[in-house]
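*Asks:* Dropping the sequence and predicted coords here.
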Amino acid sequence: MPQPSDEICRVRPDGAPALTARDLEALRHLAVGRSTAQIAAAMSISTNTVRTRIRSILRKLAVGRRGEAVRRGRELGLLPQGRRPATVTDTEPLNCRTGTAG
């Protein structure tokens, strides 16, 4: 059974792909340059689960590589602008109705 924090937003008002809260968390880890193993440790999941989640993110963002996913995430406002944030601090899920955190 899915966790409430992992529910999929069916439609985002800004037209962005419907990423889950955990997808966004993984994308933020990618944005700071973490490896699969580092993401797995930070999210308390297996490396296989991280790879599956990243494949899902790539599919949802219609890109083929991790770097492209980060770039696309920034274009869509899912990640802060800039080359590389110092840390992953904003892990609060986006509100499905407003597209904002909280």
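*Replies:* Thanks, I have it. Numbering: from 1, shown residues only.
*Asks:* what residue ranges in the protein score low on pLDDT?
*Replies:* Across the chain, the ranges flagged by pLDDT under 70 are 1-16, 83-102.
*Asks:* what about residue 24, distance to residue 41?
*Replies:* 18 Å (CB to CB, to the nearest Å). The way it works is simple: take the backbone N, C-alpha and C, and place the C-beta from them, glycine included.
*Asks:* How about residue 35?
*Replies:* Distance, residue 35 to residue 41, using CB to CB: 10 Å.
*Asks:* So between residue 24 and residue 41, which is more surrounded?
*Replies:* residue 24 (20 against 13; other CB atoms under 10 Å).
*Asks:* Show me what the helix or strand containing the more buried one is packed up against.
*Replies:* Using DSSP states H and E, the element containing residue 24 is helix 21-31. In terms of contacts (3 or more CB pairs under 8 Å, 6 or more residues apart in numbering; DSSP states H and E), helix 21-31 is packed against helix 36-43, helix 47-61, helix 66-75.
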